[in-house]
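**Q** Okay, sequence plus prediction incoming.
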Amino acid sequence: MLRSASASPVRTAVYFYSSASGMVRSFAQRLGREVFDLSEREVRRSVPAGPWVLLTPSYKTGNVDNDTIPEPVRRFLSSPLARRRLVGVMGSGNRNFGEHYQAACRQIARTSGRPVLFEFELQGTSWDVEEARRILDDLDLALTAEHARLASGASGGVRGSR
């Protein structure tokens, strides 16, 4: 069921992958919304119920044999329905990676045609968390307004909200 523009916005879920360091997990858990850990097999095998945002680290450090996109993220994105419901990408990176900083986030955004919503370094600062929360809240409002507009029969669209 679609909500009206005056209804509370649906909070867009965040799917994330974090290495053993736990830095991306720490950031995701501080967002104050529902998050799903792609390191868990059942999460990787699921399909998001609606619009979702990907939060991914980048690992490539210049070694051509290293893949930029973590394998659990790649597997999750192999689902056509999951890809269709993706509305944006956020990335964690390490500036020491130079030209490969945020490579996974940027590559996924470019390939999917979805925007890079936010980038931060390592586990992010308190400011980074607050800024990401604001961006996600704005996204929630835009998606809610788009759903209301579609329900009223108006034309146009928010990319990836179908």
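**A** That came through, no problem.
**Q** sec struct for the residue positioned nearest the centre of the chain, please.
**A** The residue lying closest to the centre of the chain (C-alpha atoms, centre = their mean) is Leu54, at 2.1 Å. Here Leu54 is recorded as strand under DSSP: H, G, I helix; E, B strand; the rest coil.
**Q** Look up how far Tyr101 lies from it.
**A** 17 Å (C-beta to C-beta, to the nearest Å). (Glycine included, C-beta is placed from N, CA and C.)
**Q** so where do the strands sit in this structure?
**A** Counting by DSSP state E, one finds strands in the chain at the ranges 13-16, 35-37, 52-57, 86-93, 116-121.
**Q** can you pull the buried residues of the last one?
**A** The one in question is strand 116-121. Within strand 116-121, the residues scored as buried using 16 or more other C-beta atoms under 10 Å are 117-121.
**Q** ok, these vs Ser39, which is closest?
**A** Phe120 (19.4 Å; C-beta to C-beta).
**Q** Report the spatially nearest residue to that closest one, omitting neighbours in sequence.
**A** Nearest residue to Phe120, sequence neighbours excluded (C-beta to C-beta, 6 or more residues apart in numbering): Asp128, at 4.1 Å.
**Q** what's near enough to touch the one you found?
**A** Counting by C-beta atoms under 8 Å, 6 or more residues apart in numbering, Asp128 touches 27, 118, 120.
**Q** Dump those residues to JSON lines, plus distance to Ala148 and pLDDT.
**A** Converted to JSON lines, those look like this (distance: C-beta to C-beta, whole Å; pLDDT from 0 to 100):
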{"residue": "Phe27", "distance to Ala148": "31", "pLDDT": "97"}
{"residue": "Phe118", "distance to Ala148": "25", "pLDDT": "98"}
{"residue": "Phe120", "distance to Ala148": "31", "pLDDT": "96"}
